[in-house]
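S.K.: following is a predicted model, sequence given first.
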Amino acid sequence: MNAGRAILHCDLDAFYASVEQRDHPEYRGKPVIVGGDGPSERGVVMAASYEARAFGVRSAMPLAIAGRLCPDGIYVPGNFDRYVEASDAVMAIFAERTPLVEPISLDEAFLDVTATEHLFGGAVEMAREIKRAVRSTCGLVVSVGVATNKLCAKVGSDLRKPDGLVIVPAGGEAAFLAPLPLERLWGVGPKTREVLAGWDLRTIGQLARFDRTALETRLGDHGSAIWERANGIDDATVASEHVPKSVGHSHTFDENTLDPAKIESTLLLLSEGVGRRLREHALRGRTITMTLRVAPFETRTRQRTLGDATNDDLTIYRIARQLLRGALAEDREGGRTSPVRLIGVAVSGLSEGEQLGLFDAARHARLNAALDAVRARFGKDALDRASAREVHERRRLSGHRSR
Ligand SMILES: [Mg+2]
């Protein structure tokens, strides 16, 4: 791995199910299916342990089918706070080793370790070390692909799951891909595959040797892009973002519900969580997105962009609630009143909080001193930045939680 770049693709194995098995020793070695309370429930499998996969259970499969394949499996609704926590811990291990980390989802990231290689004795040793650290610190298993580009690293991490470590040597990219079926290649979906099957192309190697001009004529730029990839060429960079794209939380109800108080109070709690997280990272965002999943698994997404970026819980909540009410009203008008399965809120269009200039800082300090003086004179409740109505609303809604 001394030519060009050194890229790792790290992908946790059966992530949600593995977190459940880690946190519940009695689930270990057993088929665990995340996505619902029971096999008869509507909805889909979000994750299946390898023991459940042995029965044919797969992600995105309707729970009813999973229930037929694996009636004695352990069905759990999922605990997203735990998954986010576990993901944060794993991403922190990556970030300790290189600043160039591109998270793809909770359980997956690209790492560019070209510049840091000498510190850790090479990319392969770093991959081994990351696998050890994730296991000992987080109690989870990660598969890693090591290559000179993202494409081969990604294909590599998936090839020997679970607990895989696949190394694609520099110069060996095309040879590594050649025997694999076309569906392993990025950008080759069912439609493209149909076209390629018309030429009797089944493996990546066959595509790599095929006439590039014919591909371009038939598929345009896409044709030359997939030809290059088939030949192991991929220049995409690892796009580390110090500012995340969005901050969001969602909740899956134990039982599908149409109770507006239950839905809205959950939305309030989620909005508070999002606001807190934004403030922790000194971020603000302009776009608020509300996601609603109704039974069986249709998703409604509504969003609004504000003039000013915010990280205020109640601002986030008010907008999200308007979007929620709008979406539910549309459903009612359309004669659809499916109970709600999941509710989520996210803030995107993020920017880092402005650094206060010296002048502003002095002004804020003076203002705070003045407020403190008023509080000292008239009591603590005399001045509160949240209006009395907001406080009332918050109490009223949080009261619904216990109903
Ligand atoms: Mg994974």
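M.R.: Sure thing, it's come through. Numbers count the residues shown, from 1 in each chain.
S.K.: show me where the stretch 301-403 of the chain has its strands.
M.R.: For the stretch 301-403 of the chain, strands defined by DSSP state E, counting those that start in this stretch occupy the ranges 340-352.
S.K.: scratch that, the chain is what I was asking about
M.R.: Counting by DSSP state E, one finds strands in the chain at the ranges 7-12, 32-34, 47-48, 74-76, 101-105, 108-112, 142-147, 165-167, 246-257, 283-294, 298-310, 340-352.
S.K.: quick check: mean pLDDT across the fourth one?
M.R.: Across strand 74-76, the average pLDDT comes to 94.
S.K.: go on, the last one?
M.R.: In this model, strand 340-352 carries a mean pLDDT of 89.
S.K.: mind giving me the domain ranges of the protein?
M.R.: As given by automatic domain parsing, the domain ranges for the chain are 1-169, 175-230, 246-400.
S.K.: deepest-packed of the ones you listed, please.
M.R.: Among the domains of the chain, domain 1-169 has the highest mean neighbour count (mean count of other Cβ atoms under 10 Å), at a mean of 19. All C-beta atoms are positioned from the backbone trio N, CA, C, and that covers glycine.
S.K.: now check that domain, is it near the ion?
M.R.: Yes: for domain 1-169 and the ion, the contact criterion (Cβ under 5 Å from the ion) is met by Asp11, Leu12, Asp107.
S.K.: export these to CSV and tack on pLDDT?
M.R.: Shown next, in CSV, are the residues of domain 1-169 next to the ion (pLDDT from 0 to 100):
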residue, pLDDT
Asp11, 97
Leu12, 97
Asp107, 90
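S.K.: show me the contacts for the nearest residue to Met46 once chain neighbours are set aside.
M.R.: Excluding the flanking residues, the one nearest Met46 by Cβ to Cβ, 6 or more residues apart in numbering is Gly35, at 4.2 Å. Contacts here follow Cβ atoms under 8 Å, 6 or more residues apart in numbering; on that basis Gly35 touches Gly43, Val44, Val45, Met46, Ala47, Leu63, Ala66, Tyr75, Pro77, Gly78.
S.K.: got the end-to-end distance for stretch 169-176?
M.R.: 9 Å (Cα to Cα, to the nearest Å).
S.K.: so for that stretch, mean pLDDT?
M.R.: Mean pLDDT, stretch 169-176: 96.
S.K.: could you do stretch 274-294 as well?
M.R.: For stretch 274-294, the per-residue pLDDT averages 87.
S.K.: stretch 112-121 now?
M.R.: The predicted model gives stretch 112-121 an average pLDDT of 75.
S.K.: can you offset everything so residue one is 7?
M.R.: Yep, numbering from 7; the last one is stretch 118-127 now.
S.K.: tell me the contacts of Met52?
M.R.: Contacts of Met52 by Cβ under 8 Å, 6+ apart are Tyr22, Val40, Gly41, Ser65, Gly84.
S.K.: now do the contacts for the fourth one.
M.R.: Okay, so that is Ser65. Per Cβ under 8 Å, 6+ apart, neighbours of Ser65: Val50, Val51, Met52, Ala53, Ala54.
S.K.: tell me if I'm right that the last one and Gln27 touch.
M.R.: No: applying Cβ atoms under 8 Å as the test, Ala54 and Gln27 come out as separate, 11.5 Å apart.
S.K.: common neighbours of those two, please.
M.R.: Val38.
S.K.: now that we're looking at the residue sitting nearest the centre point of the chain, how far away is Glu26 from it?
M.R.: Most central in the chain under Cα atoms, centre = their mean is Ser111, positioned 3.5 Å from the mean C-alpha point. Going from Ser111 to Glu26 by Cβ to Cβ, to the nearest Å gives 18 Å.
S.K.: repeat for Val244
M.R.: From Val244 to Glu26 the distance is 30 Å (Cβ to Cβ).
S.K.: same question, His15
M.R.: Computed with Cβ to Cβ, the distance linking His15 and Glu26 is 24 Å.
S.K.: repeat for Ala326
M.R.: Separation of Ala326 from Glu26 (Cβ to Cβ): 29 Å.
S.K.: cool, and Asn85?
M.R.: Distance, Asn85 to Glu26, by Cβ to Cβ: 8 Å.
S.K.: over to Val63?
M.R.: 14 Å.
S.K.: poorly predicted segments of the stretch 207-356 of the chain, please.
M.R.: By pLDDT under 70, the weakly predicted segments of the stretch 207-356 of the chain are 247-250, 302-303.
S.K.: nearest to the ion: which residue in it?
M.R.: Across the stretch 207-356 of the chain, no residue is closer to the ion than Val244, which sits at 17.9 Å (Cβ to the ion).
S.K.: ok, what's across the strand from the residue nearest to that residue when sequence neighbours are not counted?
M.R.: Nearest residue to Val244, sequence neighbours excluded (Cβ to Cβ, 6+ apart): Asp118, at 3.8 Å. Beta bridges link Asp118 to Ile13, judged by DSSP bridges.
S.K.: contact partners for Asp118?
M.R.: Arg11, Ala12, Ile13, Thr104, Leu106, Thr243, Val244, Ser246.
S.K.: so what's Ile336 up against?
M.R.: Quick fix: residue 336 reads Glu, not Ile. Applying Cβ under 8 Å, 6+ apart to Glu336 gives no contacts.
S.K.: can you tell me how far the residue nearest to Val244 is from Val130?
M.R.: Asp118 is 15 Å from Val130, where distance means Cβ to Cβ.
S.K.: which one of the contacts of Ser65 is nearest Asn262?
M.R.: Minimum distance to Asn262 across those is 13.7 Å, recorded for Val50 (Cβ to Cβ).
S.K.: check that closest one and give its pLDDT.
M.R.: 83.
S.K.: what does Ala66 give?
M.R.: Looking at Ala66, its pLDDT is 83.
S.K.: separation between it and Val147?
M.R.: Ala66 is 22 Å from Val147, by Cβ to Cβ.
S.K.: what do you get for Ser24?
M.R.: Per Cβ to Cβ, Ser24 is found 7 Å from Val147.
S.K.: what residues are shared contacts of these two?
M.R.: Common neighbours of Ser24 and Val147 (Cβ under 8 Å, 6+ apart) are Leu18.
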